[in-house]
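A.B. asks: Predicted model follows, preceded by the sequence.
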Amino acid sequence: LEFAYTRKMMAFLLFVPDEAHEQIRAKYADILRNPGVRTDQRRHFTEDGGIRWLEWTNNPILNERGELIEMQSTGRDITDRKRAEDERNEYIQRLEILQRLDAELSQTLKLDYVLEMALDAAVRMSGAQAGAIHLIEDDGRVRVAQVIGDYPVEMLGTIMKPDVGIVSRVVKTLQPELVADVSQDPDYAANVPGIEAQITIPLMSQERLIGTLNVQTRDSTRFTQQIFDFVKLLASRIASALDNARLYYILSKQYEELENVYEHVSGLEQLKSQIIRIAAHDLRNP
């Protein structure tokens with residue numbers, strides 16, 4: 001039986017990719033030892049480099065004495081189902097990351113920490129190779145506040161030229177943009193070598209522009225509509241956290257200035273009291 005079955009299996013393997021042979025042999029050997037219906041999923045590579053998922057159900061056929069006499073194998077293409085499952089799992093993972101990010105951002109008001117953590121999350125979850133956060137200064141200029149990945153470090157802290165680049169365009173229109181092919185965009189400013197696509201989102205808080213989030217990739221197929229929607233969702237969290245952190249920074253500076261003024265006034269009060277004591281002493285002792 002095993003010899004005959006092995007011959008049938010060898011014929012079957014002619015229609016299966018070579019990389020799956022060993023796995024199939026091991027699976028069928030286990031079925032021979034422990035007969036029972038088995039269902040498993042296998043990934044296959046197509047000739048054009050694509051991936052197809054097949055689900056195989058192996059049903060052993062037994063005779064009246066309970067002996068294995070034949071194996072019935074049925075395969076069906078579940079590529080679409082696997083793709084939907086992967087998208088669902090990725091969506092759940094993104095929601096979990098958003099939840100953790102919200103918790104992290106709510107626990108700190110340090111501007112530098114918020115910038116670093118928010119941009120790191122945006123780049124990792126979008127699969128980008130570079131990213132930057134630009135902030136709007138009080139005079140309206142756009143400053144590079146944080147960079148990550150392959151984005152040039154020397155650009156950190158610099159002021160962007162007005163009317164140059166996709167970021168400047170987004171600052172004007174206040175509309176998020178997914179540029180799938182930057183080579184076809186006349187406003188694209190090449191800061192990172194080999195970039196194919198770019199996402200730029202305005203950071204809005206209380207209907208006020210406070211900056212932009214910018215991520216870039218060398219993979220022209222990476223930035224899908226789902227990724228674009230997720231980055232927009234992430235940007236809304238980042239904008240709120242940055243606005244709170246900037247407000248805290250401004251209030252901290254004002255508090256320091258008030259403390260300095262208070263110390264100065266306290267010194268003047270002490271000097272005044274000292275002068276009054278001296279004058280009173282002199283008046284009592286001409």
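C.D. replies: Sure thing, it's come through.
A.B. asks: Count the residues that sit near the nearest residue to N63 once chain neighbours are set aside.
C.D. replies: Distance criterion CB to CB, 6 or more residues apart in numbering; nearest residue to N63, sequence neighbours excluded, is I69 at 5.0 Å. For glycine as for every other residue, the C-beta is placed from the backbone atoms N, C-alpha and C. Residues contacting I69 under the criterion other CB atoms under 10 Å number 12.
A.B. asks: Just the element for I69, please.
C.D. replies: strand 68-77 (DSSP states H and E).
A.B. asks: Now do the SS call for R246.
C.D. replies: Of the three states, R246 takes helix according to DSSP: H, G, I helix; E, B strand; the rest coil.
A.B. asks: that older thread, check which strands are paired with the strand holding I69 and give the direction for each one.
C.D. replies: strand 51-62 (antiparallel) (DSSP bridges).
A.B. asks: Can you pull out the residues in contact with the strand it pairs with?
C.D. replies: 27-28, 31, 35-46, 68-79, 81-82 (CB atoms under 8 Å, 6 or more residues apart in numbering).
A.B. asks: what does stretch 134-151 give?
C.D. replies: By CB under 8 Å, 6+ apart, stretch 134-151 touches 115-116, 119-120, 123, 128-133, 153, 155-160, 162, 167-168, 171, 191-193, 209-212, 214, 216, 242, 246.
A.B. asks: cutoff 6 Å now
C.D. replies: When contacts are defined by CB atoms under 6 Å, 6 or more residues apart in numbering, stretch 134-151 is touched by residues 115, 119, 123, 129-133, 155-156, 158-160, 167, 192, 209-212.
A.B. asks: buried residues in it?
C.D. replies: For stretch 134-151, a neighbour-count test (16 or more other CB atoms under 10 Å) marks H134, L135, I136, V142, V144, A145, Q146, V147, I148, G149, D150, Y151 as buried.
A.B. asks: How about stretch 44-62?
C.D. replies: Within stretch 44-62, judged by 16+ other CB under 10 Å, the buried ones are H44, W53, L54, E55, N58, P60.
A.B. asks: By pLDDT, give me the weakest of these.
C.D. replies: When these are compared by pLDDT, H44 scores lowest at 72.
A.B. asks: And that one, its phi and psi?
C.D. replies: With angles defined as degrees, to the nearest 10, H44 sits at phi -130, psi 140.
A.B. asks: Now do the nearest residue to it once chain neighbours are set aside against G75, distance only.
C.D. replies: Ranked by CB to CB, 6+ apart and with sequence neighbours excluded, the top spatial neighbour of H44 is R52, at 5.0 Å. Using CB to CB, to the nearest Å, we find R52 at a distance of 11 Å from G75.
A.B. asks: what does A190 give?
C.D. replies: 48 Å.
A.B. asks: And these two? Which one has more around it.
C.D. replies: Neighbour count, other CB under 10 Å: between A190 and G75, G75 has more, with 14 against 11.
A.B. asks: how about the buried residues of stretch 44-62 in JSON lines, adding distance to Q198?
C.D. replies: Below are the buried residues of stretch 44-62 laid out as JSON lines (distance: CB to CB, whole Å):
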{"residue": "H44", "distance to Q198": "34"}
{"residue": "W53", "distance to Q198": "32"}
{"residue": "L54", "distance to Q198": "37"}
{"residue": "E55", "distance to Q198": "39"}
{"residue": "N58", "distance to Q198": "48"}
{"residue": "P60", "distance to Q198": "55"}
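A.B. asks: closest to K253 among these?
C.D. replies: Using CB to CB, W53 comes nearest to K253 of the buried residues of stretch 44-62, at 57.3 Å.
A.B. asks: can you tell me the helix or strand for the residue lying closest to the closest one once chain neighbours are set aside?
C.D. replies: Leaving aside its chain neighbours, W53 sits nearest to K82 (4.3 Å; criterion: CB to CB, 6+ apart). For K82, the host element (DSSP H and E) is helix 79-106.
A.B. asks: buried residues in that helix?
C.D. replies: Neighbour-count burial for helix 79-106 [16+ other CB under 10 Å]: T79, K82, R94, L98, L101, L105.
A.B. asks: So what's the residue count around G165?
C.D. replies: Neighbour number of G165 under other CB under 10 Å is 22.
A.B. asks: Which pLDDT value belongs to it?
C.D. replies: pLDDT, read off for G165, is 90.
A.B. asks: just T79 next, same as before
C.D. replies: According to the prediction, T79 has pLDDT 84.
A.B. asks: Kind regards, and thank you for your time.
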